[in-house]
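[1] My questions concern the predicted model and sequence given below.
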Amino acid sequence: DRGLDAALSAIASRCTVPVTVEVDLVSRPAQAIEGIAYFTVSELLQNISKHARATRATVDVWRAGDRLMLQVTDNGGGGARLDGGSGLAGLAERLDAVDGVLVLDSPEGGPTTVTAELPWRDRTAMATRTA
């Protein structure tokens, strides 16, 4: 209800490591896209809490043209993978279903950066179409 900045700050506060959240959006995306973005960051922060052995993390959100960009970085041990039935593979499949993309950079020894792109759908344009 309060937008991505407030929602992501709330889930970041529950992470086991300190998380810096930066949201640079002039307007809000469509509710469905906003929900997917929230779910994606939530899953990534849970992975950091469970597996990363990190001491800090960052979440950055911005709009680039017709894409909503999310980037979650941690200073943990790295080695995360998209194959082998991992939770990250499932997350990548969910994003793919809405024309999104998940890119993982996680060399052994760290750090890990996950970048997600979602299609930008304007909140007001979607509301007009459904009205």
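    Cool, the structure landed. As the structure is a prediction and not an experimental result, all values here were calculated from the model.
[2] Next, count neighbours for residue 120.
    By other Cβ atoms under 10 Å, 18 other residues sit near residue 120. Heads up, the C-betas are built off the backbone N, CA and C, glycines and all.
[3] swap in residue 37?
    For residue 37, the count of nearby residues is 23 (other Cβ under 10 Å).
[4] cool, and residue 99?
    Residue 99 sits with 10 neighbouring residues when counted by other Cβ under 10 Å.
[5] Look up phi and psi at it.
    phi 60, psi 30 (degrees, to the nearest 10).
[6] now swap in residue 42 and tell me
    Main-chain torsions, residue 42, degrees, to the nearest 10: phi -60, psi -50.
[7] Just list whatever residues bridge to the closest residue to residue 8 other than its chain neighbours.
    Nearest residue to residue 8, sequence neighbours excluded (Cβ to Cβ, 6 or more residues apart in numbering): residue 21, at 5.1 Å. Beta-bridge partners recorded for residue 21 (DSSP bridges): residue 59.
[8] Residue 21: what's it in contact with?
    5, 8, 9, 12, 58, 59, 61 (Cβ atoms under 8 Å, 6 or more residues apart in numbering).
[9] which one is the fourth one nearest to, not counting chain neighbours?
    Leaving aside its chain neighbours, residue 12 sits nearest to residue 19 (3.7 Å; criterion: Cβ to Cβ, 6+ apart).
[10] so how many other residues sit close to the one you found?
    Neighbour count for residue 19, taken as other Cβ under 10 Å: 24.
[11] From residue 9, how far off is it?
    9 Å (Cβ to Cβ, to the nearest Å).
[12] likewise residue 34?
    From residue 34 to residue 9 the distance is 14 Å (Cβ to Cβ).
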